[in-house]
Structures are given as C-alpha cells and as structure tokens.
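K.L.:
coords please:
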Amino acid sequence: MRNFFEHQDRAQRRTSLLLVCMSLAVLAMGSTLFGFVWLARSLLLLRVPPNAVLPPALQLGHLYMWCVLGTAAAVAAASILRIWSLRDGGRSVAHMLDARLVSGQARDDLERRLLNVVTEMALAAGVPVPQVYVLDGERSINALAAGWELEDAIICTTRGCLEKLTRAELSGVVAHEFSHILHGDARLNLRLMGTVYGMLSIGLLGQQLMRAGRMGQKNGLFLVLFGFMIATVGAVGGVLGKLVKAAVSRQREFLADAAAVQFTRDPSGIAGALKKIGGYGFGARVDGVAAAEASHFFFGEVGRAFDDLAWFSTHPPLNQRITRIEPSFDGAFVTPPEGIAEPSEPGPRLARGERRVSAHAEPERALAAQLMAARTANTNAPVLGSSAPEAAEKLGRLPERLRQSCESSFSACGLVFAMLCQSESTPPRTRAQLECIRQLAGGALARETEQLLPLIWNTSRPDRLALATLAAPALRALESSHKRMLQRTVAALIAEDGATSVFEHVLGYVLAAHWSGTEPRTPSRRNSTLAAHVSEVQLVLSALSHTGAAFADSAGAAFAAGVRRLPGLPLALLPASPRLLSGLAPALDSLRALRPIACEALVDACAHAVLADQRVTEDEITLLRAVCLALGVPLPRLDLSQASGGVSSAH
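P.N.:
Numbering: from 1, shown residues only. Below you'll find the predicted structure:
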C-alpha cells in the first residue's frame, strides 16, 4: 500500500506523543495527591507551635516532588505489568475478551466466509494470515485487530458482524482492521491499553482500600479516608486516560476507513457496514467485561455510557465516517434484515479450504495499470501491496488438497515437511528424509507427508512459501511440545543433505522466527537507523545480489543498484559464500529494530537489487519475502518494465 511506511512512522511518533500525554496525566495525578497531602499538612501544623522549625520532609517543595514521583512510580509499575501480561500480542486480547478461535475450526458457512475474506486480505498484502476469532455472545456489528507484530496479530469479529453483513461489507470491515495491523496501530493500541490501565489501577487500589475499611473494625476510618484519597487521584487519572485514549484513537479511524476502500476497491462495502451499525438496534455495542478497556481496538464505538460524550469517544461519529467515504450520504442509516443477511457464500457452496476470487478483479487490474503509469512521474517511493484478486486466482490454481492441508495443524506440519523433501529425481534421499520424519515426528505424519509430496513437487518455491503463510494460523495453534517437534524435524530435514538452499534457509527462518517458537516474542523496539546496521544491510544486499546473479559480474551490478538507493552508507559487496545465508537469520533479527522509514529505504534497495538484471528468479522473490517478513512489511510490487526507476507492479 502506498504511504505504508509513512503511516507506520506516524504511529511510532504517536507513541512518543502518548508518553508525553501520560507524563502530563501523571503530573496532574501527582498534583491532586499533593492537594490532599497539603490539606493534611495544614491540619497537622495547627498543633505545631508557630516558631517550630519544620523538617525538610514536610516542606512543600519536597512533598510535591515525592507526590509526583510516587504517583509516576505506581503508574509506571502497573503499566509495565499490564503490557507484560499482553506479551502474547493479539491472542492476549482475544483471551481477555473471551473470544473463540475460528482458524482451522470453522463451524458454519459464515465462519468459512470470514476465513476466506481474511485469507484474501493477507495474500493481497503479502503478510502471514492472522488467527481469526469470533465473539459468540455479541449480536452487535463490530470487529477488532490486535498484535505487536505481523506474526502474532489476530482479527476478531462479533457474531452479529457475520450474520448481518454481506460479503462486501464484511470485506470492508476486515480491510479496515488489516489497515490497523499494517500501519502499526495494533501495536500502538496495546501500548495504549497498558498506559491507561496504569492510570486506572490507582483508582482500583483506592476502591479496594475503601472496601477493606468499611468491612474492617480496626483503623477502618483511616482506611476509608486514605482509600478515598487514592480513589480520587485515580479518578483524575481515569478521566485523563480516557481522554488520551480517545484522542489517540479517533483520527486513525478515518485513515483505516480510507485504507479499507483502497484495499477492497469498493467504497460501498465499508460504507454499508457503517450504515447498518447506525440503523441496527444493537449497533456496535459490546457487553463483555473487558470491552471498555479494549474499546479503542474495535471497528465501532462499543457504546459505554461514559463514552457517549464526544471527548471520550474512541471513534468519530458514524455520519462523519460515512460522509468521508461516500460524500453523497444523506444521513439515512440502514436497518439490517431479520435473520442472516447472507447465509452462505454466493454461488456454489465452498469446499473446505477453498478461497473465492473477489468480484472486483477487473477494477483492480485497471487501478494497478493507473498506479504503474503514475510511477513514471514519481520513482522515489515504492507502491506496496499486490492485487487481492490476482493472489486469490493464483491460490485457486493450487490443488485443493494442498489448500485444505493449511487448515489443520496436523496436515500443516506434513505440508512443511513435504516442502523440505528433495525432488522426485532423487528417490533414495527422499526415502531417507521420510524415514527421518518417521523417527522424529511419527509414522502418521510421515504418511501425510508422502501423500503431499507429488503435489508439492509440481509447485514453485514462491507458491510453497505462500502455502506456508496460509498455514501460519494452524501452526501457531500447535501445543509447545508439538512446536518443538516441528522445529527439530525441520532442522533435521534441512541438514540431511549437507547443503542448505535459499528456500530451506528462508523457510527455516520463517518457521523459527514467526510460527514455531515455544515462547512469546518480546516486542521489538523500532527506533534504529540504517547507519546503526551497516553490516547487516551489507549482508542482506550481498545475499540478494549473489542469489540472482546469472553471470560473474551480475552480482556487482545488482549490489550497486541497491546501494544507489542508500546514499551515505559505506557498503561493499561481500564475496559469495555459504556464510551469507547462514548469517541471514541473525541479520534479519537485528534489522527488526529499524524505524519504519528505514525499512522503506531497505526494502526499496532490495527490490532494486532484484530488478537490476531485468529478471526475477524464484530464489530472489523467496529471499525478498523473508526480508519483508522480518521487517513486518508487505511484499513490494515489482515492475520489470520500470526496473531502473522504481518498484510498482505486483510480482
């Protein structure tokens, strides 16, 4: 998507703004506490002789400093603990809301349709498919996205969203939530949740102290008074926290709405969903216990009474949102029909695992042509994201058996193993690898792998990596012991032939870094510049240049094309060596700390290195996808006809 990196960078700057707002709120809370302390001090001084010398601790300056510092320490500790409890990313929010996992476990056509839409969006962006959840008890029309990184992101919808929206409207809502993931808003929302909780926790502590004082007999009055003081300080923090949350959230909804239109090429979809929220009796209200705390994650206002005030609303008014999408909107909302809007996918019933191609293929191709033409005038910034219909069509050409294997954790493991087995031209080595699978993963998985082998052998390496992306939700659902089994078996299959190909390196990295880890990943800090990672950038560009080199001097030309996009960096082509690929995983892990704008420059340089010789090999695309996955960005659109000028059309 165009401006993707700008939006991510803006989200990161909003994190800094959030810290400033939090500091001001803590200062206000500390000042409120100081007011109570000043009152207590004044009462105490009534019993002190006028000429008495006060100890330094009772001087107003010291008291104010300690009130502010104590409040800041309490808020910071509660915020850090809350953010730590959210270390699982989107899954933490889903569990907090008591949502049910749907990925690989769809119960009906409505959930199947939701999985299809989410998959199409993920393929269009070139990112891993997020896990999908549903809030079964909620009849309203609402949805949310959450996650620290692309690999731990989730999409969650209410049951009413599935029942009351058409496929086009559901696509608009899902595209809106994908925008929050891709633009870094989902990460910001998690930080915002932790920050606001830190402010609210002071009030919760005060309420508990007051409750304990009323129930106790000894020092009960003191506890009630002390608890009232703490609760008042917490109330100030709660009000300011809500204001901060609302202010940070509202403007991002307009951006996500616009991005949803760009994603789906259909303004009527998201506009129709918003109109139905306005005309539906349940609206977007969510009644779960944790809904108020997570209100800024949702597609629509969750409808808490206190949040009905404009200043405390986390979302702009529906009229404003619809008018920006549909300027001719007359203010008339739409009442959803009784029952289910679309009980199943249009046309023939979908087979399990089948993905339907969007009806907007032709408009999408026309827009892609316009974007390519626009690149002639501006060749400095890449257009990111590929065509959802093209991606879905490509997936539709794959055997149904392979698509179905992406939905079951068991079959997904067999699919990964089949990708790593040698080609049909080397039967002895293939038998040795199947025996390795039998010993490490069991006979059932070995048989599953053997059944998938003939189908895998007829697919390209980029298609195999796309299948691995589709299998991401099923692989994430594995238990820890099974993840360790998957990791051991993958490592053994890669090492079995004594040589590691580009595809094996990339697939191994993807599994280890994103889907097969046994512990939650610590959210990376994205504030580094390219100048701080010269050696890693040099290694990645060298690996890409040598991977696509058809002749001895081709690598140098490709490397030079990439370096020209990174002026000022002292980069030199590293010689071709197995160490380039073996060092790729540590280098990519280190580059995860890059600022979004630095990621833009690096992806652009990598794309130009790939396009330098006017040809794109499977290994180059595979390696470029690994770089994008590591940086948490969509795969760029590559246009061979404009290789010297920019990156534009989808590969």
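
K.L.:
give the closest residue to C161 in space, chain neighbours not counted.
P.N.:
Nearest residue to C161 in three dimensions, chain neighbours excluded: I141, at 5.0 Å (Cβ to Cβ, 6 or more residues apart in numbering). C-betas here are computed from N, CA, C, even on glycine.

K.L.:
neighbours of that neighbour, just the number please.
P.N.:
Look at I141: counted by other Cβ atoms under 10 Å, it has 30 neighbours.

K.L.:
again with the one 3 residues further on
P.N.:
The number of residues packed around L144, counting by other Cβ under 10 Å, is 30.

K.L.:
circling back to that earlier point, so the residue nearest to C161 is in contact with G281, correct?
P.N.:
No: when contacts are counted by Cβ atoms under 8 Å, I141 is not listed as touching G281 (10.7 Å).

K.L.:
quick one: least confident helix or strand in this protein?
P.N.:
Every helix and strand of the chain was ranked by mean pLDDT, DSSP states H and E. The lowest is helix 361-375, at a mean of 33.

K.L.:
and the residue nearest to C161, its phi and psi?
P.N.:
With angles defined as degrees, to the nearest 10, I141 sits at phi -100, psi 100.

K.L.:
and it, what does it touch?
P.N.:
158, 160-161, 164-165, 273, 276-277, 280, 282-284, 299-300, 336 (Cβ atoms under 8 Å, 6 or more residues apart in numbering).

K.L.:
and those, which two are furthest apart?
P.N.:
F299 and P336 (15.3 Å; Cβ to Cβ).

K.L.:
tell me which of the two has more neighbours.
P.N.:
Using other Cβ under 10 Å as the criterion, F299 and P336 rank with F299 on top: 29 against 21.

K.L.:
who touches the residue nearest to that one when sequence neighbours are not counted in this structure?
P.N.:
Nearest residue to F299 in three dimensions, chain neighbours excluded: A143, at 4.5 Å (Cβ to Cβ, 6+ apart). By Cβ under 8 Å, 6+ apart, A143 lies in contact with 155-158, 161, 173-174, 176-177, 298-299.

K.L.:
circling back: need the pLDDT of the residue nearest to C161.
P.N.:
With respect to pLDDT, I141 scores 94.

K.L.:
now V502
P.N.:
Predicted confidence (pLDDT) for V502: 82.

K.L.:
that one and A491: what is the separation?
P.N.:
According to Cβ to Cβ, to the nearest Å, V502 and A491 sit 17 Å apart.

K.L.:
these two: which is more packed in?
P.N.:
More neighbours surround V502 than the other of V502 and A491, with 22 against 15 (other Cβ under 10 Å).

K.L.:
quick check: that one touching D619?
P.N.:
Yes: between V502 and D619 a contact is recorded at 4.3 Å, counting by Cβ under 8 Å.

K.L.:
next, show the common contact partners of those two.
P.N.:
Common neighbours of V502 and D619 (Cβ under 8 Å, 6+ apart) are T547.

K.L.:
how close does H505 sit to S31?
P.N.:
Applying Cβ to Cβ to H505 and S31 gives a distance of 57 Å.

K.L.:
who's more crowded, the two?
P.N.:
Per other Cβ under 10 Å, whichever of H505 and S31 has more neighbours is H505, with 22 against 15.

K.L.:
which non-adjacent residue is nearest the more buried one?
P.N.:
Using Cβ to Cβ, 6+ apart and skipping the chain neighbours, the partner closest in space to H505 is L581 (4.7 Å).

K.L.:
would that neighbour count as being in a helix?
P.N.:
Yes: counting by DSSP: H, G, I helix; E, B strand; the rest coil, L581 falls inside a helix.

K.L.:
could we number from 897 for the rest of this?
P.N.:
Fine by me, first position is 897 from now on; the one you just mentioned is L1477.

K.L.:
ok, it - contacts?
P.N.:
By Cβ under 8 Å, 6+ apart, the residues touching L1477 are 1396, 1398, 1401, 1439.

K.L.:
make TSV from those residues and add distance to A1127 and secondary structure to it.
P.N.:
Output for the contacts of L1477, formatted as TSV (distance: Cβ to Cβ, whole Å; DSSP: H, G, I helix; E, B strand; the rest coil):
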residue	distance to A1127	secondary structure
T1396	61	coil
V1398	61	helix
H1401	57	helix
A1439	58	helix
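
K.L.:
save the residues you listed as JSON lines, and put in distance to M1315 too.
P.N.:
Listed next are these as JSON lines, based on distance: Cβ to Cβ, whole Å:
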{"residue": "T1396", "distance to M1315": "14"}
{"residue": "V1398", "distance to M1315": "13"}
{"residue": "H1401", "distance to M1315": "13"}
{"residue": "A1439", "distance to M1315": "20"}
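
K.L.:
filter the contacts of I1037 down to the ones in helices?
P.N.:
Among those, the residues falling in helices (DSSP state H) are 1056-1057, 1060, 1169, 1172-1173.

K.L.:
for M1106, what are its contacts?
P.N.:
Going by Cβ under 8 Å, 6+ apart, M1106 touches 1119-1120, 1123-1124, 1127.

K.L.:
could you work out the most separated pair of these?
P.N.:
L1119 and A1127 (11.7 Å).

K.L.:
identify the contacts common to the two.
P.N.:
Taking Cβ under 8 Å, 6+ apart as the criterion, L1119 and A1127 both touch 1105-1106.

K.L.:
run the chain-centre distance for the helix or strand where A1143 lies.
P.N.:
Element membership for A1143, per DSSP states H and E: helix 1116-1160. In terms of Cα atoms, centre = their mean, to the nearest Å, the centre of helix 1116-1160 is found 22 Å from the chain centre.

K.L.:
packing partners of it?
P.N.:
Helix 1116-1160 makes packing contacts with helix 900-941, helix 1063-1078, helix 1081-1111, helix 1163-1175, helix 1214-1221 when contacts are defined by 3 or more Cβ pairs under 8 Å, 6 or more residues apart in numbering; DSSP states H and E.

K.L.:
what's the angle from the fourth one to helix 1116-1160?
P.N.:
With axes from the mean of the first three to the mean of the last three Cα atoms, to 10 degrees as the basis, helix 1163-1175 and helix 1116-1160 are set at 150 degrees to each other.

K.L.:
restricting to C-alpha, output helix 1163-1175 in CSV.
P.N.:
C-alpha atoms of helix 1163-1175 as CSV (Å, rounded to 0.1, in the frame of the first residue of the first chain):
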residue,chain,number,x,y,z
PRO,A,1163,-16.4,2.1,-1.1
SER,A,1164,-19.9,0.6,-0.7
GLY,A,1165,-18.7,-2.3,1.4
ILE,A,1166,-17.4,-0.4,4.4
ALA,A,1167,-19.9,2.4,4.0
GLY,A,1168,-22.7,-0.2,4.1
ALA,A,1169,-21.3,-1.7,7.3
LEU,A,1170,-21.2,1.7,9.0
LYS,A,1171,-24.8,2.4,7.8
LYS,A,1172,-26.0,-0.9,9.3
ILE,A,1173,-24.3,-0.1,12.6
GLY,A,1174,-26.3,3.2,12.7
GLY,A,1175,-29.6,1.5,11.9
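
K.L.:
so how far is it off the chain centroid?
P.N.:
Distance of helix 1163-1175 from its chain centroid, counting by Cα atoms, centre = their mean, is 24 Å.
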